[in-house]
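# only geometry, no sequence info:
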Ligand SMILES: Nc1ncnc2c1ncn2[C@@H]1O[C@H](COP(=O)(O)OP(=O)(O)OP(=O)(O)O)[C@@H](O)[C@H]1O
């Protein structure tokens with residue numbers, strides 16, 4: 001469903017010059033699977049997600065979603081994905097129902113089909129009790145559900161969650177994770193980025209650990225634990241990062257020694 005191969009993104013930055021934010025990243029995600037991108041701030045997760053949602057173009061490499069190339073077939077990719085982040089705009093004066101309906105119309109959905117879809121979504125996400133509440137009166141949890149419903153209105157096979165639990169209280173974050181699990185059961189292909197280790201541990205079928213634009217390792221939790229002979233996931237994560245940093249320092253000192 002999602003195939004990413006040697007994906008690279010370089011930003012031209014005034015202070016840093018040419019900066020490689022994503023460096024030859026490769027992974028695949030299947031239907032019915034939750035793939036977790038785990039990394040600290042600045043690891044490059046959002047950049048990968050933005051490339052997959054066609055907001056950014058890669059500098060090198062290939063990314064396809066549902067068989068469509070993110071550059072050549074951007075419109076098809078957008079039809080096949082839903083994007084959920086933590087800062088989706090919620091319009092103060094529109095009700096939950098109006099907002100999701102509005103996005104369905106933007107996707108060109110016929111009226112009757114859209115109404116049925118909204119009924120299904122509002123039931124599935126337990127949104128019926130606030131379907132007529134305007135954005136200005138919604139709690140954070142309600143807003144997050146509207147963002148998810150909005151991303152799902154056209155029933156895309158692929159859903160991208162970029163740091164979607166950021167700023168949510170424990171209960172709301174827990175609900176969101178349970179929605180993500182339900183989506184997996186319905187066969188959706190899900191990619192989920194976070195810096196919270198317990199979330200990937202509890203939720204993701206496979207995990208890629210990202211640091212400074214690179215994937216340091218990826219696999220199921222069981223595979224990662226056995227490969228690194230470490231049961232404590234936090235220790236595993238920091239061990240990987242520090243070994244990577246040491247290797248980079250060695251590389252730099254070798255280059256320094258040669259020149
Ligand atoms: N438009 C841009 N121009 C220059 N540099 C950028 C731009 N966008 C992101 N970066 C840099 O690219 C790197 C990766 O950023 P990105 O937002 O993808 O990481 P992230 O893992 O999602 O982190 P965060 O959780 O902080 O969003 C960071 O060093 C960031 O400063």
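In hand now; what should we look at? Quick caveat, the model's predicted, so the values are computed rather than measured.

# what does stretch 181-192 contact?
With contact meaning CB atoms under 8 Å, 6 or more residues apart in numbering, stretch 181-192 is reached by 1-2, 29-37, 49, 52, 124, 152, 157-161, 164, 180, 199-200, 203-205. For the C-beta atoms, the positions are set from N, CA and C on the backbone; glycine is no exception.

# Of those, which are in range of the ligand?
Residues of the contacts of stretch 181-192 in contact with the ligand (CB under 6 Å from any ligand atom): none.

# For ChimeraX, write the selection for the buried entries among those residues.
A single ChimeraX command selects the buried members of the contacts of stretch 181-192 (16 or more other CB atoms under 10 Å):
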select :1,2,29,33,34,35,36,37,49,52,152,158,159,160,161,164,180,199,200,203,204
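
# Next step: the contacts of stretch 181-192 restricted to strands.
Residues of the contacts of stretch 181-192 located in strands (DSSP state E): 2, 29, 33-37, 158-161.

# Tell me the one of those nearest the ligand?
The ligand has its nearest neighbour among these in residue 37, at 8.0 Å by CB to the nearest ligand atom.

# which residues sit in contact with the spatially closest residue to the closest one that is not a sequence neighbour?
With sequence-adjacent residues excluded and distances taken as CB to CB, 6 or more residues apart in numbering, residue 37 is closest to residue 193, at 4.2 Å. Contact partners of residue 193, counting by CB under 8 Å, 6+ apart, are 36-39, 45-46, 48-49, 161-163.

# what's the answer for residue 131, then?
By CB under 8 Å, 6+ apart, residue 131 lies in contact with 95-97, 122.

# Now do the same for residue 61: helix, strand or coil?
Following DSSP: H, G, I helix; E, B strand; the rest coil, residue 61 is assigned to strand.

# burial count for it?
For residue 61, the count of nearby residues is 17 (other CB atoms under 10 Å).

# Please tell me I have it right and it contacts residue 10.
No. With contact defined as CB atoms under 8 Å, residue 61 does not reach residue 10; the gap is 11.2 Å.

# Which member of the ones in strands among the contacts of stretch 181-192 is positioned nearest residue 103?
residue 159 (14.3 Å; CB to CB).

# Tell me the bridge partners for that closest one.
residue 82, residue 190 (DSSP bridges).

# hmm, the longest helix seen in the chain in reach of the ligand?
Across the chain, the longest stretch assigned as helix under DSSP state H is helix 233-258. No. Against the ligand, helix 233-258 shows no contacts by CB under 6 Å from any ligand atom, the least distance being 13.1 Å.

# Pull up the residues of this structure that are close to the ligand.
Residues of the chain lying close to the ligand by CB under 6 Å from any ligand atom are 11, 13, 19, 21, 39, 41-47, 163, 195.

# Dump those into a markdown table; add distance to residue 186 as well.
What follows is these, written out as a markdown table (distance: CB to CB, whole Å):
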| residue | distance to residue 186 |
| --- | --- |
| 11 | 36 |
| 13 | 41 |
| 19 | 39 |
| 21 | 33 |
| 39 | 28 |
| 41 | 32 |
| 42 | 34 |
| 43 | 29 |
| 44 | 29 |
| 45 | 25 |
| 46 | 26 |
| 47 | 28 |
| 163 | 23 |
| 195 | 27 |
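
# Redo those as TSV? Include pLDDT and secondary structure.
TSV is the format used below for the residues of the chain next to the ligand (pLDDT from 0 to 100; DSSP: H, G, I helix; E, B strand; the rest coil):
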residue	pLDDT	secondary structure
11	94	strand
13	81	strand
19	90	strand
21	95	strand
39	93	coil
41	87	coil
42	89	coil
43	92	coil
44	95	coil
45	94	helix
46	94	helix
47	96	helix
163	87	coil
195	90	coil
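
# No more questions from me, cheers.
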